[in-house]
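Asker: Coordinates only, no sequence provided:
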């Protein structure tokens, strides 16, 4: 089934080239079915690349999904044309009276700053507070996951001795969780961050549970026991070349970054990296949409955020 996005969005052409079924707004309006409403709060500077990456994952499902893009009004994006934001993005004031089946909060390159020093922190707190009453299920990614745990549960982040950058092996801690259904016992995931949330801090909060972790880089997936909030500390949406572009950017800036671990063949940046995380990344998004959004969200969108998840989302 298709993903429904604005016809002129740059991601539309990219997805169509990959034979992904993108439905026009006209055709979607003439189908007798309620699509899932998913809001993406895109905090990444590379707005168009991030839009495309996440929509690619959302599209590989039998569900019809209506995607809305959200930006912070309190921060002026410097890496995307203002016309793009004005055309395709909405502000919180424009959506605060609406309800959504799902919300995705992306990462952001501000992890080394205290949360309160981020210029849009107050607005982000407003959005996260609003999500508890207006969104059925929220997926937080990377810094978005750290911010969500800090806001909702008071769990702070900690600096790492060196950046966790690369592709790392992970293991499933709770194999009965539908979120990781279909994943291998040992799977690979991308991390690109300078801070971490510690497992012992999560363990002290009874409303949280760990789903997957890595012996090298720590936590990967944490969720609330009521299945309303999900926290992923890596970047499952990354394309095969995203880490390379980040590495080359840092080299050009004279930062002398370490080569991303387990990423380039033979650790040679001149060689083309292989994507060995795409299947688990796709399953994460598909499982979240299926088990924790579609199967438990109320049919009447006006009730989204007001009712607790059903049995499918309680494990």
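Answerer: Done, it's in. Note that the structure is predicted; figures quoted are calculated from it, not measured.
Asker: Residue 304 reaches residue 102, doesn't it?
Answerer: No. If you go by Cβ atoms under 8 Å, residue 304 and residue 102 don't touch, sitting 9.0 Å apart. The way it works is simple: take the backbone N, C-alpha and C, and place the C-beta from them, glycine included.
Asker: Any chance you could list residues touching both of those two?
Answerer: Common neighbours of residue 304 and residue 102, using Cβ atoms under 8 Å, 6 or more residues apart in numbering, are 37, 135, 136, 297.
Asker: Format these as JSON lines; extra columns: neighbour count and secondary structure.
Answerer: Formatted as JSON lines, these follow (neighbours: other Cβ atoms under 10 Å; DSSP: H, G, I helix; E, B strand; the rest coil):
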{"residue": "37", "neighbour count": "22", "secondary structure": "strand"}
{"residue": "135", "neighbour count": "25", "secondary structure": "strand"}
{"residue": "136", "neighbour count": "29", "secondary structure": "strand"}
{"residue": "297", "neighbour count": "26", "secondary structure": "coil"}
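Asker: Please convert those to JSON lines, extending it with distance to residue 145.
Answerer: Converted to JSON lines, the shared contacts of residue 304 and residue 102 look like this (distance: Cβ to Cβ, whole Å):
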{"residue": "37", "distance to residue 145": "22"}
{"residue": "135", "distance to residue 145": "16"}
{"residue": "136", "distance to residue 145": "18"}
{"residue": "297", "distance to residue 145": "21"}
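Asker: Lowest pLDDT pick from those residues?
Answerer: pLDDT is lowest at residue 297 among the shared contacts of residue 304 and residue 102; the value there is 91.
Asker: so what's that one up against?
Answerer: By Cβ under 8 Å, 6+ apart, residue 297 lies in contact with 36, 101, 102, 136, 137, 304.
Asker: Start from the N-terminal end of the stretch 201-315 of the chain and give the strands.
Answerer: Remark: strands assigned in the stretch 201-315 of the chain by DSSP state E, counting those that start in this stretch are 208-214, 218-224, 229-232.
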